[in-house]
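S.K.: All I have is the shape, not the residue letters:
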C-alpha cells in the first residue's frame with residue numbers, strides 16, 4: 001500500500017533543472033499509477049504514467065523522463081527484454097524496476113541489464129522517494145545531499161533489510177516480543193545483528209520513549225563490569241571519589257541490553273538473577289536497596305545449553321532470560337537478501353559518492369559465505385565506496401577485498417573464479433550436506449548428546465547441528 005502523502009517537498013532543492021523532476025511510471029495497475037502521480041507530485045516531481053509496457057522503447061516520454069519506474073510483469077522475460085531495449089536507447093534515463101516478491105535471480109538479472117534499483121511490491125511512497133533520491137543525487141552537491149538525507153529519512157536506523165522468509169519471520173517475532181515485558185534471549189552468530197534486533201524490539205515496544213541501555217558483558221573485567229551495571233557509592237573502593245549510578249538505574253522504565261551474556265562471570269550471574277527475580281539490587285558500598293523496572297534483553301553466540309550442562313552458566317538464570325528466544329539467521333542462510341542489503345548499505349554510507357554495482361558484483365557477493373555475516377558485508381561495501389571496487393582494488397583481488405583476509409582463505413563465485421591463475425582455495429566452499437532427523441538423532445545418541453562431537457561426526461558445523469535440532473524438534477536430554 002502507498003503510505004499517506006506528505007505535505008512537504010523533501011526531494012527537490014531550488015535551482016534544479018526541470019528534467020530531474022520528471023518520472024515516467026509504467027504499471028498495469030491504474031490505481032497505483034494514480035497514487036504515484038499524486039503522491040510524487042506533492043513531493044515535487046512531474047509524473048506521467050502508461051500501461052503500455054511492450055511499446056515502451058518507442059514511447060515519446062523516454063527522452064522526457066529523468067527516471068523510469070518499470071513494473072516487471074508476471075511474464076518477467078518480456079519485461080526484461082523491454083528493460084534492455086529501453087536502456088540501449090541513446091540518452092535513456094535510469095530505470096527502477098518494481099516487482100511482486102522479486103527472487104534473487106530476477107534482481108541479479110535486472111542489475112546485470114542495467115537497472116538502477118529493484119523495489120518489492122507492495123512498497124511505500126517513502127521507498128519510492130528514497131530510490132528516486134539515490135538516482136537524482138548523483139549530480140547533487142554534497143551539502144544538498146546531507147540536508148535531504150536527514151529530511152526524508154534514508155535507511156540507516158535499521159539494517160533489518162530483505163525479503164527472505166528468515167527476515168520476515170524475524171520481523172514478526174520482533175513485533176510479538178515488543179508487545180510484552182518478558183525477558184528475551186537473542187541468539188545467533190557474531191555479526192548477524194543481534195544489537196539491531198534488540199533496538200527494534202525497544203523501538204516497537206511501549207517502552208520506546210524510555211532509555212535503551214547497552215552493556216557489552218565482555219568489554220570489562222568482572223569487578224569493573226559489576227560497578228558499571230549496579231553503580232557504586234563514594235568511597236566504595238579506591239578511586240571512587242563520587243557516587244555513580246549503574247546501567248540498571250539508567251535503564252529504569254526502559255530496556256537494558258546485555259550483549260554476550262554467555263561470557264559473564266558466574267559471580268555476576270547471581271546478581272543479575274536477583275534483579276530479574278526481585279527487581280532490586282544494592283550498589284557497591286551501599287546498604288540501600290535500589291528498585292528498578294526494566295525489560296532485560298540478552299544476546300549470545302554461545303551454546304548456553306552446553307555451558308549450563310558444564311556449570312559455566314547458571315541454569316536458573318538461563319531459564320529466566322529465555323522467557324522468549326529469537327534466532328537471527330546467518331547471512332549465508334538468506335543470500336536472497338544480499339542485493340537488498342547492498343542497496344541499503346550504499347544508501348547508508350555512500351553519501352554523494354557514486355558506487356555502481358553490477359550483476360557480476362552481486363553474483364560475486366552472493367557466492368561468498370560471509371563468516372562475518374551482515375557486519376562483514378557492510379564493511380565490504382564501505383571499503384568499496386572509499387577505495388573503489390575496480391580502480392583501487394584489481395578485479396582478481398575482489399575476493400580479498402570482500403573479507404580483508406588473505407586471498408587463499410576466501411570463497412567467491414565463478415564471476416571472480418574465472419580469473420587466470422586463481423588459487424584453488426578461491427573456489428566456492430561446499431554447502432553443508434543434507435541430513436535426516438534420524439541421522440542427527442543417532443549421532444547425538446552415539447556421543448551422549450555432546451553436540452560438538454556429534455557435529456564433527458556428521459561433518460557439519462556446530463551451529464548447523466543446533467539448527468537441525470530445532471528444525472527436527474529433537475528432544476534435548478537434561
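M.R.: Ah, there it is. Since this is a predicted model, take the numbers as computed values, not measurements.
S.K.: Compute the number of surrounding residues for residue 258.
M.R.: If you count neighbours by other Cβ atoms under 10 Å, residue 258 ends up with 23. Every C-beta, even on glycine, is put in place using the N, C-alpha and C of the backbone.
S.K.: what are the bridge partners for it, then?
M.R.: Per DSSP bridges, the residues bridged to residue 258 are residue 215, residue 298.
S.K.: Next one, pLDDT for it please.
M.R.: Residue 258 carries a pLDDT value of 95.
S.K.: pretty sure it contacts residue 219?
M.R.: No - counting by Cβ atoms under 8 Å, residue 258 sits too far from residue 219 to count as a contact (11.6 Å).
S.K.: Shouldn't residue 206 be within a strand?
M.R.: No - using DSSP: H, G, I helix; E, B strand; the rest coil, the assignment for residue 206 is coil, not a strand.
S.K.: Please report how far it lies from residue 179.
M.R.: 8 Å (Cβ to Cβ, to the nearest Å).
S.K.: do the same with residue 445
M.R.: Residue 445 is 39 Å from residue 179, where distance means Cβ to Cβ.
S.K.: Kindly report the same for residue 313.
M.R.: According to Cβ to Cβ, residue 313 stands 28 Å off from residue 179.
S.K.: check which helix or strand covers residue 348.
M.R.: For residue 348, the host element (DSSP states H and E) is helix 338-349.
S.K.: Would you indicate which residues of that helix are buried?
M.R.: 338, 339, 340, 341, 342, 343, 344, 345, 346, 347, 348, 349 (16 or more other Cβ atoms under 10 Å).
S.K.: Going by distance to residue 357, which of these wins?
M.R.: Taking Cβ to Cβ as the measure, residue 357 lies nearest residue 342 of the buried residues of helix 338-349, at 5.9 Å.
S.K.: Check the gap between that closest one and residue 127 for me.
M.R.: Using Cβ to Cβ, residue 342 is found at 16 Å from residue 127.
S.K.: Among residue 313 and residue 179, which residue is more densely surrounded?
M.R.: With neighbours defined as other Cβ under 10 Å, residue 313 and residue 179 compare such that residue 313 has more, 23 against 11.
S.K.: Just the pLDDT for that one.
M.R.: pLDDT, residue 313: 93.
S.K.: surely residue 262 meets residue 318?
M.R.: No - with contacts counted by Cβ under 8 Å, residue 262 stays clear of residue 318, the gap being 9.4 Å.
S.K.: what sits in contact with each of the two?
M.R.: Residues touching both residue 262 and residue 318 (Cβ atoms under 8 Å, 6 or more residues apart in numbering): residue 304.
S.K.: what sits against residue 275?
M.R.: Per Cβ under 8 Å, 6+ apart, neighbours of residue 275: 248, 281, 292, 294, 296.
S.K.: If we only consider the residues you listed, which is nearest to residue 81?
M.R.: So of the contacts of residue 275, ranked by how close each gets to residue 81 (Cβ to Cβ), first place is residue 296, at 55.1 Å.
S.K.: Am I right that the closest one is in a strand?
M.R.: Yes - counting by three-state DSSP, residue 296 is located in a strand.
S.K.: okay, now residue 285: neighbour count?
M.R.: Residue 285 has 15 neighbouring residues, counting by other Cβ under 10 Å.
S.K.: do the same with the one 3 residues further on
M.R.: Neighbour count for residue 288, taken as other Cβ under 10 Å: 7.
S.K.: wait, doesn't it sit right on residue 281?
M.R.: No - with contacts counted by Cβ under 8 Å, residue 288 stays clear of residue 281, the gap being 10.6 Å.
S.K.: hmm, back to that, just the buried residues of helix 338-349 now: which is nearest residue 230?
M.R.: Among these, and counting by Cβ to Cβ, the member closest to residue 230 is residue 348, at 36.0 Å.
S.K.: Which pLDDT value goes with the closest one?
M.R.: pLDDT, residue 348: 81.
S.K.: Please tell me how far it sits from residue 335.
M.R.: On the measure of Cβ to Cβ, residue 348 and residue 335 end up 20 Å apart.
S.K.: same thing with residue 328?
M.R.: 15 Å.
S.K.: And the helices in the stretch 301-450 of the chain?
M.R.: Here the stretch 301-450 of the chain has its helices, by DSSP state H, counting those that start in this stretch, at 304-309, 315-321, 338-349, 359-367, 373-387, 398-403, 414-417, 437-446.
S.K.: who wins for proximity to residue 172 among the ones you listed?
M.R.: Nearest of these to residue 172, taken as Cβ to Cβ: helix 338-349 at 17.7 Å.
S.K.: show me what contacts residue 358?
M.R.: Here residue 358 is in contact with 111, 112 (Cβ under 8 Å, 6+ apart).
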